[in-house]
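> Whatever this is, show me its structure:
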Amino acid sequence: MEPHELHNDGDETTSIIGFFPGTELTATFDDVLQPFGTAEVTLGSAPVEDRQKRTD
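Numbers count the residues shown, from 1 in each chain. Take a look at the predicted model:
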């Protein structure tokens, strides 16, 4: 995994959009991200068993 190296040199807020090939995304940070207590966070689809519970 490579850092994106995005920087905002202006005074206004920068917006960024990304396109990903799937529904699951793992983000890796340089430092531990609180309150998760880890430097790696996975976002995306819920496990199949959780999706089944929602439809019952």
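
> all contacts plus neighbour counts: C-alpha atoms, from now on.
Noted.

> gap between stretch 4-15 and the chain center?
18 Å (C-alpha atoms, centre = their mean, to the nearest Å).

> residues making contact with it?
Taking contacts as C-alpha atoms under 8 Å, 6 or more residues apart in numbering, no residue outside stretch 4-15 touches it.

> Between the two ends of that stretch, how far is it?
14 Å (C-alpha to C-alpha, to the nearest Å).

> Give the rounded mean pLDDT of that stretch.
Stretch 4-15 comes out with an average pLDDT of 87.

> what residues are up against the closest residue to Thr38 other than its chain neighbours?
Among residues not flanking Thr38 along the chain, Val32 sits closest, at 4.9 Å (C-alpha to C-alpha, 6 or more residues apart in numbering). Contact analysis of Val32 by C-alpha under 8 Å, 6+ apart lists 38-40.

> I'd like those laid out as TSV, including neighbour count and secondary structure.
Shown next, in TSV, are the contacts of Val32 (neighbours: other C-alpha atoms under 10 Å; DSSP: H, G, I helix; E, B strand; the rest coil):
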residue	neighbour count	secondary structure
Thr38	12	strand
Ala39	13	strand
Glu40	14	strand
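
> JSON lines for these, including pLDDT?
Putting the contacts of Val32 into JSON lines (pLDDT from 0 to 100) gives the following:
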{"residue": "Thr38", "pLDDT": "93"}
{"residue": "Ala39", "pLDDT": "93"}
{"residue": "Glu40", "pLDDT": "91"}
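
> Which helix or strand contains Val32?
strand 25-33 (DSSP states H and E).

> need the contact list for the residue nearest the centre of the chain.
Centrality entry for the chain: nearest residue to the mean C-alpha point is Ala27, 4.7 Å, by C-alpha atoms, centre = their mean. Counting by C-alpha under 8 Å, 6+ apart, Ala27 touches 40-42.
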